[in-house]
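**Q** fold the following and give me the result.
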Amino acid sequence: MPKKPRVKQGDDLMIVADAYTLYSQNISLNTDAFRAAVRTRNAQAVRNILGLPRPSSISFFTAQDGRRCVNIVFSSGTTSGRLTICVPRQ
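**A** Below you'll find the predicted structure:
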């Protein structure tokens, strides 16, 4: 059985940075669907739009100004990232 390659901490940082890029691209390609998913608090739809790698957790909240927001937390090894996006309530 082959050994699992070790991931260095710098590699973890690149994995998280690449996830930011991937998530941003996927949101841009599906802006209306993403806004609808956040407004309806549909975690599965948000996961589907974001694509892989799968986020560690997705939570929703309403900002003080009434906007609907999603908080996405993802990690690789010892590095983690958090992405919070708010959309107009409409």
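**Q** now do the strands in this protein.
**A** Along the chain, counting by DSSP state E, strands occupy 57-62, 68-76, 79-87.
**Q** residue 39 is nearest to which of those?
**A** strand 68-76 (5.0 Å; CB to CB). Glycine gets a C-beta too; all of them are placed from N, C-alpha and C.
**Q** look up how far residue 27 lies from residue 72.
**A** 10 Å (CB to CB, to the nearest Å).
**Q** tell me the contacts of the most centrally placed residue in the chain?
**A** In the chain, the centroid-proximal residue (CA atoms, centre = their mean) is residue 72; its distance is 4.3 Å. Counting by CB atoms under 8 Å, 6 or more residues apart in numbering, residue 72 makes contact with 23, 46, 50, 55, 57-58, 82-85.
**Q** quickly list what's touching both of residue 72 and residue 27.
**A** What both residue 72 and residue 27 touch, as defined by CB under 8 Å, 6+ apart, is the set 50, 85.
**Q** hang on, the earlier thing: who wins for neighbours among the contacts of residue 72?
**A** residue 50 (25 neighbours; other CB atoms under 10 Å).
**Q** which ones are touching that one?
**A** By CB under 8 Å, 6+ apart, residue 50 lies in contact with 22-23, 26-27, 72.
**Q** any idea which of the contacts of residue 72 is least confident?
**A** Here the lowest pLDDT out of those sits on residue 55, with 56.
**Q** so of the strands of the chain, which one's packed in deepest?
**A** strand 68-76 (a mean of 18; mean count of other CB atoms under 10 Å).
**Q** could you check the angle that one makes with strand 79-87?
**A** 170 degrees (axes from the mean of the first three to the mean of the last three CA atoms, to 10 degrees).
**Q** CA atoms of strand 68-76 as PDB?
**A** Output in PDB follows, covering the C-alpha atoms of strand 68-76 (Å, rounded to 0.1, in the frame of the first residue of the first chain):
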ATOM      1  CA  ARG A  68     -29.100  37.700   4.100                       C
ATOM      2  CA  CYS A  69     -25.600  36.300   4.600                       C
ATOM      3  CA  VAL A  70     -23.800  33.000   4.300                       C
ATOM      4  CA  ASN A  71     -20.600  32.100   6.300                       C
ATOM      5  CA  ILE A  72     -18.500  29.400   4.700                       C
ATOM      6  CA  VAL A  73     -15.600  27.900   6.700                       C
ATOM      7  CA  PHE A  74     -13.200  25.500   5.000                       C
ATOM      8  CA  SER A  75      -9.800  24.100   6.000                       C
ATOM      9  CA  SER A  76      -6.900  22.000   4.900                       C
END
